[in-house]
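In: return atomic coordinates for the entry below.
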Amino acid sequence: MGVKLNFINNSNDSNNSQIVVFQKNVTTDFDELSIAWKVIKYCGQGDNHPFYYPMGMKVSASDSHGNFTAQLPAQNGQMFAMSLSASGNTLDESGASTSMKEVQVRNDLKAGAINASIYKDGKLLAQKTSVAPEQKGVFQFKPTIWIGVASQIEEGEVMNSAIISDINTEISLLGIASADIIMTGGGSGTGSKKFSFTLDNVRRV
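Out: The predicted model follows:
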């Protein structure tokens, strides 16, 4: 289950700008940087770019030895733990999290920090780095996406604070089955306007 989205470039932009889509982990401090989940490139004026936002997510972890676990289906209210098994470090479900709104990843290793990662549609969505033994990485997301214009960004990379502060369009996907995301604005000279993103052709669940 998820939302079918279709980005449409109806702007006056002629700079071949990149469009970045991401989510914010609402459990974190404001100084934590977000990851570019989706980057739309080379979408010209009048063109469109369909993409899919699944409601489900997957969790993975990596250890200090450079090993990455398989991605496991995850949902709010679940706890996962990284521990040492007979075959090596493994990530397994470990009961309920302390909040039904969160996915939590606990480091049960005796030594060595881990990185905990959340994926949507096979793409990295969020990450907690350097989770020490006996500590947890905590993830909570609202059913919203952030979208904006950026440059020199790659999917899966951490965005710097300047880019994030420039992106202020938050779109709620609650109760939506499909929708177009229309980008307008841009251009050069005195007639240029700031970029704007609005939903159209919304079909409700």
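In: domain map for the chain?
Out: Listed domain ranges for the chain are 2-54+143-204, 57-139 (source: automatic domain parsing).
In: looking at those, which is buried most?
Out: Greatest average neighbour count among those goes to domain 57-139 (a mean of 17), per mean count of other C-beta atoms under 10 Å. All C-beta spots, glycine's among them, are computed from the backbone N, C-alpha and C.
In: so what's the most centrally placed residue in the chain up against?
Out: The centroid of the chain falls nearest to L125 when counting by C-alpha atoms, centre = their mean (3.0 Å). Contact analysis of L125 by C-beta atoms under 8 Å, 6 or more residues apart in numbering lists F22, Q23, I35, W37, M57, I118, Y119, F141.
In: D92 now?
Out: D92 touches L72, F80, A81, S83, counting by C-beta under 8 Å, 6+ apart.
In: again, only this time at 10 Å
Out: For D92, the contact set (C-beta atoms under 10 Å, 6 or more residues apart in numbering) comprises T69, L72, M79, F80, A81, M82, S83, S85, D108.
In: tell me if I'm right that I35 and L124 touch.
Out: Yes: contact criterion C-beta atoms under 10 Å: I35 and L124 qualify, at 5.6 Å.
In: any idea how far I164 is from F80?
Out: I164 sits 27 Å away from F80, going by C-beta to C-beta, to the nearest Å.
In: low-confidence ranges in the chain?
Out: The model of the chain has pLDDT under 70 over residues 28-31.
In: as a check, name the ranges of all helices in it.
Out: For the chain, the helices defined by DSSP state H cover 161-166.
In: circling back to that earlier point, from S60, how far out is the residue nearest to the centre of the chain?
Out: Relative to S60, and taking C-beta to C-beta, L125 is found at 11 Å.
In: shared neighbours of those two, which are they?
Out: Both L125 and S60 are contacted by S117, I118, Y119, under the criterion C-beta under 10 Å, 6+ apart.
In: G46: which of the residues you listed is nearest?
Out: Among the shared contacts of L125 and S60, Y119 lies closest to G46 (C-beta to C-beta), at 32.0 Å.
In: is the closest one in contact with A126, as I believe?
Out: Yes: contact criterion C-beta under 10 Å: Y119 and A126 qualify, at 8.9 Å.
In: quick check: neighbours shared by these two?
Out: Residues touching both Y119 and A126 (C-beta under 10 Å, 6+ apart) are W37, M57.
In: once you drop chain neighbours, what's closest to P73?
Out: Nearest residue to P73 in three dimensions, chain neighbours excluded: K58, at 5.8 Å (C-beta to C-beta, 6 or more residues apart in numbering).
In: isn't that neighbour up against I118?
Out: Yes: taking C-beta under 10 Å as the contact criterion, K58 and I118 are neighbours in contact, 7.3 Å apart.
In: overlap in contacts, these two.
Out: Q71, A74, V103, L125.
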